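*Asks:* following is a predicted model, sequence given first.
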Amino acid sequence: MTTAPVRLFYIDDSGAESTGFIVYSWIECAIEDWRLILRGWLDLRKELYAQYGIPPAYELHATKFIRGIGNPSTNLGWNRRKQNRSIVMREALAAIGSTPALKTGTAYRRTSMRGGAYQVERDQVYEVLVANLDARVGAAGEFGMIFMDGDGTATGYYNAHRALKLAHRNIIEDPLFVPAHRSAWVQMADLVAWTAYQSLLCHPGKRFAWQWYDEYLLTCDVNSGPLAL
């Protein structure tokens, strides 16, 4: 019996109710490439430690990192210059975008809904995304597994998976939640999601990041750019 290949998806969300953007970005790979990709990322983290004093275990959380929150480097003087953080972000994104076996993707929607209605629409966008991923891996003769940042209390994500028809379902199980500080993969997905959001929002205060998605991630985006849902 031939075993169907498995594709791994690490998804993180971005956007904000105040702007109306709902953004989900992900990184993906075939399960047989998982070890090699992780080795490359860990090598990058070693380089960041050697060059900038950022320990490999330090969580790279894009929003906090870019805003200047925390002390990622053991060099306190380095931490005080936001330009240093942009350099590291660019190096991390370049590493993600240049890894041959690693692909990325982004799905988004801009809505006028606010409050509880905004959250409902977030869940709806995720449901459409999961259905799209399910159809895609099915057409390729694969199965898929989804990993997300969190502790499993965001129950709306479960509903999207359970809405898939079992007879034709290719995304297996509910989403598997992993705390970002424990997962290099989820941290990579977070960097992609933040970058995608900035490319869509184009906030004047983040002009420096407007083109990062196109510059570093577009060539590895499975949809050739953010997909409106």
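*Replies:* In hand now; what should we look at?
*Asks:* which SS class is the most centrally placed residue in the chain?
*Replies:* Among the residues of the chain, the one closest to the centroid is Ala189, at 2.2 Å (C-alpha atoms, centre = their mean). Secondary structure of Ala189, reduced to three states by DSSP: H, G, I helix; E, B strand; the rest coil: helix.
*Asks:* helices and strands around the helix or strand harbouring Ile66, which ones?
*Replies:* Using DSSP states H and E, the secondary-structure element containing Ile66 is helix 62-67. In terms of contacts (3 or more C-beta pairs under 8 Å, 6 or more residues apart in numbering; DSSP states H and E), helix 62-67 is packed against helix 82-97, helix 184-201. Backbone N, C-alpha and C define where each C-beta goes, glycine included.
*Asks:* distance between the very next helix or strand once past that helix and the chain's centre?
*Replies:* Using DSSP H and E, the helix or strand that follows helix 62-67 in sequence is helix 76-79. For helix 76-79, the distance between its averaged C-alpha position and the chain's averaged C-alpha position is 27 Å (C-alpha atoms, centre = their mean, to the nearest Å).
*Asks:* where exactly do the strands run in the protein?
*Replies:* 6-16, 21-30, 103-110, 143-149, 176-178, 227-228 (DSSP state E).
*Asks:* I'd like those strands as TSV, with mean neighbour count, distance to Met89 and mean pLDDT appended.
*Replies:* TSV is the format used below for the strands of the chain (neighbours: other C-beta atoms under 10 Å; distance: least, C-beta to C-beta, whole Å; pLDDT from 0 to 100):
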stretch	mean neighbour count	distance to Met89	mean pLDDT
strand 6-16	21	14	98
strand 21-30	24	15	98
strand 103-110	22	15	98
strand 143-149	22	18	97
strand 176-178	16	22	96
strand 227-228	14	23	98
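*Asks:* show me the one of those that comes nearest Tyr216.
*Replies:* Distances from Tyr216 to each of the strands of the chain were compared using C-beta to C-beta; the minimum, 9.5 Å, belongs to strand 103-110.
*Asks:* now do that closest one against helix 82-97, angle only.
*Replies:* Inter-element angle recorded for strand 103-110 and helix 82-97: 120 degrees (by axes from the mean of the first three to the mean of the last three C-alpha atoms, to 10 degrees).
*Asks:* by contact count, what packs against strand 103-110?
*Replies:* Counting contacts by 3+ C-beta pairs under 8 Å, 6+ apart, the secondary-structure elements packed against strand 103-110 are strand 21-30, helix 116-139, helix 184-201, strand 227-228.
*Asks:* how about residues contacting the helix holding Ile66?
*Replies:* With contact meaning C-beta atoms under 8 Å, 6 or more residues apart in numbering, helix 62-67 is reached by 70, 72, 82, 85-86, 88-89, 190-191, 193-195, 206, 209.
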